[in-house]
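1. Kindly return the folded structure for what I paste below:
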Amino acid sequence: MSETIFSKIIRREIPADIVYEDDLILAFRDIQPQAPIHILVIPKQPIESISTVTPADQAVLGHLMVKIQQIAAEAELVNGYRVVTNIGADGGQTVSHLHFHILGQRQMAWPPG
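-> Numbers count the residues shown, from 1 in each chain. Predicted structure coming up:
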């Protein structure tokens, strides 16, 4: 996988407003928020997208899903929130490092995009 802005954030080469970190994942506020709360959650290990996930990624992805719930609770998203990942160019993925968007504190429209 090629170098990405997220790799640089993980290594602290680029600053980020980090809201959660452990050995496996990092969560930080999006610099171009699409909702009052917009947090990105990424695995520290390089995974390009959902389309490249392997069985070896199962543990980190399960951990990530559990932590998304915790991060949303800590952000006080009590009325609900949306979790989104974009896959590939047609799916709107602009950074080739798996990431999940937690969006909240506004009513979400459907269908998206």
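2. Contacts for the strand ranked longest in the chain next, please.
-> When secondary structure is assigned using DSSP state E, the longest strand within the chain turns out to be strand 37-43. Among residues not part of strand 37-43, those counted as contacts by CB atoms under 8 Å, 6 or more residues apart in numbering are 6, 10, 19-20, 24-30, 57, 60-61, 64, 67-68, 71, 75, 77, 81, 97-105. C-beta here means a position set from N, CA and C on the backbone, and glycine is covered the same way.
3. Now restrict those residues to buried residues only.
-> Among these, the ones that count as buried by 16 or more other CB atoms under 10 Å are 6, 10, 19-20, 25-28, 30, 57, 60-61, 64, 67-68, 71, 75, 77, 81, 97-104.
4. The longest strand of the chain: partners in the sheet, and parallel or antiparallel?
-> If you go by DSSP bridges, strand 37-43 pairs up with strand 25-29 (antiparallel), strand 100-104 (antiparallel).
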